[in-house]
Each structure stands twice: as structure tokens, then as C-alpha cells.
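Trainee: Turn this into a structure:
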Amino acid sequence: MDITVIAPDGVPEIRPGDDLAAALLTALGPDDLRDGDVLVVTSKVVSKAEGRVVVGERESWIDAETDRLVARRGPTRIVRNRLGLTMAAAGVDASNVEQGSLVLLPEDPDGSARRLRATVAQRRGVNVGVVVTDTAGRAWREGQTDIAIGAAGLAVLESFAGRVDAHGNELAVTAPAVADEIASAVELAQGKLGGRPCAVLRGRPDLVLPAGDDGPGARALIRAEGADLFGYGAREAVIQAVAARPAARAPFGSPVAADEFVAALGRAGISARIAATADVRTGRERRAAADIVAFAHGWESAGASDPDGDGDADLRFRPVTP
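Mentor: Below is the predicted model of the structure:
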């Protein structure tokens, strides 16, 4: 399999209201786009064309684009932004833009990708996939790479579940995020300072969907709130569990099973058991710690119980109901 990337020079500075498709197609030669290609565009030029360039204090714009804080280290904020993306500074960027201005992410990156795909089909008569990219860091890894934040006409995930490898092993959960792989591959040709905001990847027509089928978009790559194992940073998770505000429950995920909750209490040094009523009971000597563990695991206090009538009441916990 041969994969090639074409990253043309000659795209002019994009300003609000510009015809982005025209600028990109002018830079791309007549043979630079074929059926089955993937057109990759940085979110920066999409945002500029859509008028998402703003002025003002950067921290205020980060606040405006933030859904909730994930982690903070000094001045750096990792947040879940209004698009559901978890990234530094909510994606608010001060690079490759006039000094004093900021660029916000597109309002609807998947929608931007769909419109660009339709325009390319109309003007060039080709069926391509479109990916809108942005740069993001990764947990456990140094450095950043481009990811897909918008997509149209592309299978963004390639499932290998149920397939068998060369040794006869069945693959269970392997699902390459091919839209992200395309974004990072294209970034190698574009370069951060090369002034090449678009590129064409050729060689994976199997990932491009038929004309009229835009697919699920890059939003399909975003884990739902509570499905991520790392919904908070290490310090922030402790604070949220201690504060126990109801609105902070979602990132911890759904309530765990009773035996898993008992095991978690045990790891915290708290003896617990499952009662016949299916609630979990502990002694009262470490109530504060038990409440914290309960909050982080989707359980809550149900008061005290003294089934033996000896005055030594147990604490009762039950899973939180939606």
C-alpha cells in the first residue's frame, strides 16, 4: 500500500468571510484531488474564514470556551471544552494570528467539514473525505500531535474486532482512530511554520464514504462524559471527591457494582460488607473517608442502621440513581 501526502504552498492569509474552498482549490493543482482522496485542513484557517478570530484577554476566552476544568498545573489549564474535546486552554490559540488576536475553534467542526466536502464536490466533481485538525497533547506522552476535530465523508474509526491475526488470535477491541492517524501523518508534510494549512492524503480510498454519506464525523471519537477513565487530573479528582458537589459526579462515571465498591473501600483501609438488602455497610469510625470513596464510585450515604439493636449502628451506602 502506497500512501502519499501533497501539502501545497500558496494558500494566502485567510480572513473572516473569505471563500476558504476557493483558496484551497487554487493552491491545489488540477490533479491534486481525486476520488477517494482525503482533504485535510487545519482548524485555524477554518476558524479564520468563519470569523472565529477575537480580541480580548486570553483567560476570559478560555473561560468562555470551557465546559469544565479537568486539571490545572500552575498557569496551564486542561479543560473539557464546549465541543467535548479535552485539551489545553480549551483550544484558544494565539499563534499564526496577528498580535493581540486569538483564534477560537470552529463552532461546529463536523459541520465545517461537511460544507467543505460539498463545495469541493460541486466545484471539482470529486468525492473526497475531509478532516479538520487541531493540535493536542496526550496523557502519558511528551509533545503534541494533530488530531481530527472535524470530519465528513470518512470512516473515522476502523474496527478490527472479531478479526484474526497471523497467529490465530482474535482481536477484541482494536479500533484504530484512522482520522487522527491521517491528521498526524499530514502534519509531517505541512509543518508548523510552513504556511501550508491544507494537504491531501492519497492511498486510503477504502476509508472514504460514498457521495451523500458524510458519516458520523469526528465527534464519534469523543468519549462521553463519565466514560473516560481520567475525567479529572489526580489532584482535581481528590478535591472533587472531598467537596462532593453533585454536579461533579458525572466525570467519575456510573455507579460501580457493590462488590467493586466494597473492594475500593478495602483498598482505602475501610472494612465493609454487602448486606442482604444489597446496600453496603461499614463501621462509623471512618465515616469521612468512606463518604469520599463512595462519591468517587457513584455511591452515597443512606444513613445509619442498627439491625441488631445493640446501639452499634452501621453506615449504609447505596448507588446513586439517575
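
Trainee: max-length strand in the protein?
Mentor: strand 141-152 (DSSP state E).

Trainee: same for that one, what does it pack against?
Mentor: Strand 141-152 is packed against helix 43-49, helix 109-124, strand 129-138, helix 178-190, with contacts defined by 3 or more CB pairs under 8 Å, 6 or more residues apart in numbering; DSSP states H and E. Quick note: C-beta positions are derived from backbone N, CA and C, even for glycine.

Trainee: redo that, cut-off 10 Å
Mentor: Judged by 3 or more CB pairs under 10 Å, 6 or more residues apart in numbering; DSSP states H and E, strand 141-152 is in contact with strand 38-42, helix 43-49, strand 86-88, helix 109-124, strand 129-138, helix 178-190.

Trainee: out of those, nearest to Gly253?
Mentor: strand 86-88 (15.1 Å; CB to CB).

Trainee: Return the distance of that closest one from the chain's centre.
Mentor: 8 Å (CA atoms, centre = their mean, to the nearest Å).

Trainee: could you say what helices and strands it packs with?
Mentor: strand 66-73, strand 76-81, strand 129-138, strand 141-152.

Trainee: hmm, who's touching it?
Mentor: 62, 67-68, 70-71, 76-81, 105, 134-137, 139, 144, 147, 149, 222-223, 228, 230-231 (CB atoms under 10 Å, 6 or more residues apart in numbering).

Trainee: Could you spell out the sheet neighbours of the longest strand of the chain, each with its direction?
Mentor: If you go by DSSP bridges, strand 141-152 pairs up with strand 129-138 (antiparallel).

Trainee: What strand or helix carries Val262?
Mentor: helix 258-267 (DSSP states H and E).

Trainee: Flag every buried residue along that helix.
Mentor: Within helix 258-267, the residues that qualify as buried by neighbour count (16 or more other CB atoms under 10 Å) are 258, 261-262, 264-265.

Trainee: same question, stretch 265-277
Mentor: Neighbour-count burial for stretch 265-277 [16+ other CB under 10 Å]: 265, 270, 272.

Trainee: now the residues you listed in CSV, with distance to Ala185 and pLDDT?
Mentor: Shown next, in CSV, are the buried residues of stretch 265-277 (distance: CB to CB, whole Å; pLDDT from 0 to 100):
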residue, distance to Ala185, pLDDT
Leu265, 47, 97
Ile270, 49, 96
Ala272, 50, 95
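
Trainee: I'd like these laid out as CSV, including distance to Ala90.
Mentor: Shown next, in CSV, are those (distance: CB to CB, whole Å):
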residue, distance to Ala90
Leu265, 36
Ile270, 38
Ala272, 40
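
Trainee: just those now: which is nearest Arg286?
Mentor: Ile270 (5.3 Å).

Trainee: How about the contacts made by the closest one?
Mentor: So Ile270 contacts 262, 264, 282-283, 285-287, 289-290, 293-294, 315 (CB under 10 Å, 6+ apart).

Trainee: Poorly predicted segments of the chain, please.
Mentor: 161, 173, 305-312, 322 (pLDDT under 70).

Trainee: Walk me through the domains of it.
Mentor: Here the domain parsing of the chain from automatic domain parsing is 4-52+105-221, 254-319.

Trainee: Adding distance to Ala248, write those out as JSON lines.
Mentor: Output for the domains of the chain, formatted as JSON lines (distance: least, CB to CB, whole Å):
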{"stretch": "domain 4-52+105-221", "distance to Ala248": "20"}
{"stretch": "domain 254-319", "distance to Ala248": "8"}
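
Trainee: Out of these, which one sits most buried?
Mentor: domain 4-52+105-221 (a mean of 18; mean count of other CB atoms under 10 Å).

Trainee: quick one: that domain to chain centroid distance?
Mentor: 16 Å.

Trainee: Endpoints of that domain, how far apart?
Mentor: One end of domain 4-52+105-221 to the other measures 24 Å (CA to CA, to the nearest Å).

Trainee: repeat for stretch 93-107
Mentor: OK, stretch 93-107 end separation, CA to CA: 15 Å.

Trainee: Only the buried residues of it, if you could.
Mentor: Buried, per 16+ other CB under 10 Å, within stretch 93-107: 93, 97, 102-106.
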